[in-house]
Each structure stands twice: as C-alpha cells, then as structure tokens.
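# here is the input, now give the coordinates:
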Amino acid sequence: ILQVLLAHGGDPNAHDGQRTALEIAMVNENGLALVDRLPAEQVQANWNALLAAGADPDRHAPDGQPLIKVAGFNNHWIKVEWLLHRGWDGDWVLLGRTLESMEENGGVPELERGALQRVRQIIIAHGVRFPIGALIDLERDSRGYYVQPPTDGR
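Model (predicted):
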C-alpha cells in the first residue's frame with residue numbers, strides 16, 4: 001500500500017501530528033493490526049521506500065520527538081548509527097543517557113548490540129563520559145543541551 005501511495009504523489013513526510021511516516025515505519029506500529037504484524041523485511045522495505053521518496057529523517061511531527069530519540073528509546077541502534085553517519089549533531093549527553101538507560105534495562109536485542117556499541121564509541125568521541133547518571137544533576141548550554149561538568153584536573 002505504501003508503494004502505491006508514494007507512486008501516486010503520497011507525501012513521504014506525512015505525519016499524524018505526533019509521528020511521521022518514517023517513524024511509524026521504523027517502530028513498526030501505529031495501532032493498526034496489519035502494520036503491527038509486518039515482517040521485519042517489510043518494515044525495512046517501507047523505511048527504504050520512504051527515504052527513496054524523499055522522507056526527511058531530521059523532520060519530526062509538530063507534537064513529536066526527533067527520530068533519533070525515538071530510535072534510541074525503541075532500541076533501533078542500527079537506525080541511530082545511520083542517523084549519526086548522516087551528520088546528526090544534537091544533544092550528545094542526552095543520546096548517551098538514552099543508550100545507558102537501555103543498557104541498564106537489559107532489553108537491547110541481540111541484533112542491535114553491535115550497533116549500540118558503535119554508537120557508544122561515537123558518543124565518547126564527542127566528549128561524553130560514561131556513566132552519565134541522572135540528567136537532572138546536569139546543567140544545560142545555550143542550546144538547551146546537557147553539559148557534563150569538567151573532570152578533575154581540567
């Protein structure tokens with residue numbers, strides 16, 4: 001159905017106010033049983049079709065969250081890694097805390113663990129130190145991004 005819609009002018013950046021089509025394709029859910037039960041290869045095909053049709057991974061729905069945040073909270077570390085390689089440059093500490101939180105919960109699927117470790121290394125390369133701990137204890141910079149205090153001796 002998605003292929004037909006896109007072939008006939010469907011908007012690859014469509015949203016329902018909270019989630020973009022790309023986000024729905026990524027998390028494979030929208031409350032419709034037919035979508036919730038899609039096999040993994042069809043979910044990936046939908047993701048690829050939306051990107052090929054011009055879906056913008058940096059766009060989010062008016063009441064929604066950035067795709068990278070949704071990807072992390074849904075344990076889609078392969079997608080997080082892909083977004084990072086596209087040049088994402090957001091709140092690295094928040095992304096690190098998301099990763100840390102998913103590790104603490106112990107629910108990272110086997111298929112995503114390699115990507116999670118690569119993402120961890122990218123986050124560290126951007127100056128984030130693990131463990132991060134509670135975000136409430138951290139200050140924010142002028143962009144609203146979390147900032148870790150300097151380490152002793154610096």
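# just checking, next helix/strand downstream of the lowest-mean-pLDDT helix or strand in the chain?
Of all the helices and strands that make up the chain, the one with the lowest confidence by mean pLDDT, DSSP states H and E is helix 33-36; it has a mean of 52. Using DSSP states H and E, the helix or strand that follows helix 33-36 in sequence is helix 40-52.
# identify the residues contacting the helix or strand that that following helix is followed by?
In the C-terminal direction, the helix or strand that comes right after helix 40-52 (DSSP H and E) is helix 67-73. With Cβ atoms under 8 Å, 6 or more residues apart in numbering as the contact definition, helix 67-73 has outside contacts at 19-20, 22-23, 26-27, 57-58, 60, 64, 77, 79-80, 83-84, 88, 90, 94-95, 98-99, 102. (Glycine included, C-beta is placed from N, CA and C.)
# please repeat the previous calculation with a cut-off of 7 Å.
Contacting residues not belonging to helix 67-73 are listed as 22-23, 26-27, 57, 60, 79-80, 83, 88, 90, 95, 98-99, 102 [Cβ atoms under 7 Å, 6 or more residues apart in numbering].
# tell me the one among those residues nearest to residue 6.
Within the set of these, residue 22 lies nearest residue 6; the separation is 12.0 Å, counting by Cβ to Cβ.
# who touches the closest one in this structure?
With Cβ under 7 Å, 6+ apart as the criterion, the residues that contact residue 22 are 47, 50, 55, 57, 67.
# check what pLDDT the nearest residue to residue 55 once chain neighbours are set aside gets.
Counting by Cβ to Cβ, 6 or more residues apart in numbering, the nearest residue to residue 55 once its immediate chain neighbours are dropped is residue 12, at 3.9 Å. We note a pLDDT of 96 for residue 12 in this prediction.
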